[in-house]
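Chemist: only geometry, no sequence info:
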């Protein structure tokens, strides 16, 4: 009897780990590791002081961070022909190597790198996030094709809040005395999470789950509770100096909230487990993840067009919106041009604003602890923007037939307001700006990826969404280095406050006033471009965008999970 009970328990554990909802949980946790991108303002001050960099040089490193975190085309192309575990292994190795070398240089354990070497290290370390990001997003969108806005919002939301979570773990593990240890945490924590959880991310052939939306809303509620707790925790840390035990207690509660989705996964799999036992013929078929590469579509199904006399005409002979585009057909389309233009100006200016938040706080006289809280707030409200834009834009699109680019445009307008609060500051305006810019930029992210999947199909999605996001770092570079950095250095030289060993420093509202006015104008232009795209696609979004996915979608035949919809309710009763 005992052996039977033990074998049943083991079978249930295997089913949970192999289930769809545990795969969602694993994806959310790994996405937290990608949140290191948004903590750059916290440790950029250490780099600036340690190596005596000017603001222009720091902004150039900010561009390296943005460039690295957005160049995922290689990962996208590799995802077309390799199993997901290859991407995870590359990402874990690259993350540890890049950030560990940065930490060694900051702490003077190796020779001081030249500026171009530091540029490469920052770009290399932050680029690691693309490997896991591509594998998780592509797999999740294919597993939940008619909930893609929601799943993208949740996944990218955890990237947004990941910076705040990692900051709390840093305080609990290392304390707040040495910010360089934050970079060390970046090196080992995301890599460790990937190596533990990557086997759970795999394609599953699905039929419709009757309570799928309900489960997603439950995940949303848990995520909101997590974000609210971190928000109040950072407010408390601003008002009171925590002891090390206090930091450990706060981080421990954060970890507990992160584990709640496991309970949701167990509940859903328990229903399926009971269903499997109650029915005469098993209604659930699960196969554990094979370590060999999954079966991929044949060359006839997935062949990349060869260069031939008939290839070039196919580039211009595009399918209807929503059908599967080839890479070249999508790249040379007017819709993709508008998406890239809006991303270049709107998302690029948002990235530039976030990258300079720490320096803005310093110029306005904020303490380092206050600046750390501001960065955490950007991360927290980045999360709120991502999850709410995913759920809200999905509802507006499916229920009211409003084009998703319209919601995208409003996200740009929200960000524009936050940038103006920095350009023309008043007491407490920087806290409001951090909230607004964090929320607005967060809202942009999942909608960019959802719009690309809806217009150009899922067949080449792993490459196309990486092409779409590539415009952001180049917009950030021009605005960050050629506008914000140079205007700041001009103001600093005007004040003649070049302090030996501290680089150029500027104090006052004028330091970033003009540059953030330019950023707000660029964001406004991005909103106008998105309004144009919304007008162009209004008829497309009046149709059933997900009509091709109402029954089932093509997925490699490695994992299968089928639901007997008529029996699930009976088991719940």
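Modeler: That came through, no problem. Every value quoted in this text rests on a predicted model; they were computed, and no experiment measured them. Numbering: from 1, shown residues only.

Chemist: pLDDT weak spots in the stretch 401-550 of the chain?
Modeler: For the stretch 401-550 of the chain, applying pLDDT under 70 flags the ranges 496-504, 547-550.

Chemist: where do the helices sit along it?
Modeler: Secondary structure of the stretch 401-550 of the chain (DSSP state H, counting those that start in this stretch): helices located at 404-423, 429-456, 461-469, 471-477, 486-495, 510-536, 538-542.

Chemist: same deal with the stretch 1-150 of the chain?
Modeler: Using DSSP H, counting those that start in this stretch, helices in the stretch 1-150 of the chain cover 2-18, 20-33, 40-51, 55-70, 73-79, 84-106, 115-127, 129-143, 148-174.

Chemist: distance to residue 330 added to those, as TSV?
Modeler: The way it works is simple: take the backbone N, C-alpha and C, and place the C-beta from them, glycine included. Output for the helices of the stretch 1-150 of the chain, formatted as TSV (distance: least, Cβ to Cβ, whole Å):
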stretch	distance to residue 330
helix 2-18	34
helix 20-33	25
helix 40-51	31
helix 55-70	17
helix 73-79	12
helix 84-106	21
helix 115-127	23
helix 129-143	15
helix 148-174	17
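
Chemist: tell me the angle of the longest helix seen in the chain relative to helix 40-51?
Modeler: Ranked by residue count, the top helix of the chain under DSSP state H comes out as helix 368-400. Interaxial angle, helix 368-400 versus helix 40-51 (axes from the mean of the first three to the mean of the last three Cα atoms, to 10 degrees): 150 degrees.

Chemist: and residue 319, helix, strand or coil?
Modeler: coil (DSSP: H, G, I helix; E, B strand; the rest coil).

Chemist: quick one: contacts for it?
Modeler: 325, 329 (Cβ atoms under 8 Å, 6 or more residues apart in numbering).

Chemist: okay, now the unreliable bits of the stretch 1-150 of the chain?
Modeler: For the stretch 1-150 of the chain (pLDDT under 70), the answer is 1-6.

Chemist: does residue 242 touch residue 250 like I think?
Modeler: Yes - taking contacts as Cβ atoms under 8 Å, residue 242 lies within contact range of residue 250: 7.4 Å.

Chemist: residues contacting the residue lying closest to residue 397 once chain neighbours are set aside?
Modeler: Spatial nearest neighbour of residue 397, chain neighbours left out: residue 404 (5.3 Å); criterion: Cβ to Cβ, 6 or more residues apart in numbering. Contact analysis of residue 404 by Cβ under 8 Å, 6+ apart lists 149, 393, 396, 397, 447, 450, 451, 454, 541.

Chemist: save the helices of the stretch 401-550 of the chain as TSV, and put in distance to residue 315 too.
Modeler: What follows is the helices of the stretch 401-550 of the chain, written out as TSV (distance: least, Cβ to Cβ, whole Å):
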stretch	distance to residue 315
helix 404-423	24
helix 429-456	13
helix 461-469	14
helix 471-477	20
helix 486-495	39
helix 510-536	20
helix 538-542	21
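
Chemist: show me the one of the helices of the stretch 1-150 of the chain that comes nearest residue 348.
Modeler: helix 55-70 (8.1 Å; Cβ to Cβ).

Chemist: packing partners for that closest one?
Modeler: In terms of contacts (3 or more Cβ pairs under 8 Å, 6 or more residues apart in numbering; DSSP states H and E), helix 55-70 is packed against helix 40-51, helix 115-127, helix 129-143, helix 348-355, helix 471-477, helix 486-495.

Chemist: what's the burial count for residue 129?
Modeler: 27 (other Cβ atoms under 10 Å).

Chemist: quick check: nearest residue in space to it, chain neighbours excluded?
Modeler: residue 34 (4.0 Å).

Chemist: quick one: distance of stretch 232-247 to the chain centre.
Modeler: Computed by Cα atoms, centre = their mean, to the nearest Å, the chain-centroid distance of stretch 232-247 equals 27 Å.

Chemist: next one: stretch 345-354
Modeler: The answer for stretch 345-354 is 15 Å, by Cα atoms, centre = their mean.

Chemist: same check, this time on stretch 64-79
Modeler: Using Cα atoms, centre = their mean, the offset of stretch 64-79 from its chain centre is 13 Å.

Chemist: let the chain start at 52 from now.
Modeler: Sure, I'll start counting at 52 from here, so that last one is stretch 115-130.

Chemist: now do the end-to-end distance for that stretch.
Modeler: 24 Å (Cα to Cα, to the nearest Å).

Chemist: where do the strands sit along the stretch 202-351 of the chain?
Modeler: 256-257 (DSSP state E, counting those that start in this stretch).

Chemist: can you pull the contacts of residue 286?
Modeler: Contacts of residue 286 by Cβ under 8 Å, 6+ apart are residue 424.

Chemist: do you know the pLDDT at it?
Modeler: On the pLDDT scale, residue 286 is placed at 83.

Chemist: how about low-confidence regions in the stretch 202-351 of the chain?
Modeler: Ranges of the stretch 202-351 of the chain meeting pLDDT under 70: 256-261, 327-351.

Chemist: let's see 80
Modeler: 211, 227-229, 255-263, 289, 320, 322-351 (pLDDT under 80).

Chemist: coming back round to it: and residue 130, which of the helices of the stretch 452-601 of the chain is closest to it?
Modeler: Taking the helices of the stretch 452-601 of the chain one by one with Cβ to Cβ, helix 512-520 is closest: 4.0 Å.

Chemist: show me what counts as buried in the closest one.
Modeler: 512, 513, 514, 515, 516, 517, 518, 519, 520 (16 or more other Cβ atoms under 10 Å).

Chemist: reformat these as JSON lines; add distance to residue 162.
Modeler: Formatted as JSON lines, the buried residues of helix 512-520 follow (distance: Cβ to Cβ, whole Å):
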{"residue": "512", "distance to residue 162": "43"}
{"residue": "513", "distance to residue 162": "39"}
{"residue": "514", "distance to residue 162": "39"}
{"residue": "515", "distance to residue 162": "42"}
{"residue": "516", "distance to residue 162": "39"}
{"residue": "517", "distance to residue 162": "34"}
{"residue": "518", "distance to residue 162": "38"}
{"residue": "519", "distance to residue 162": "39"}
{"residue": "520", "distance to residue 162": "35"}
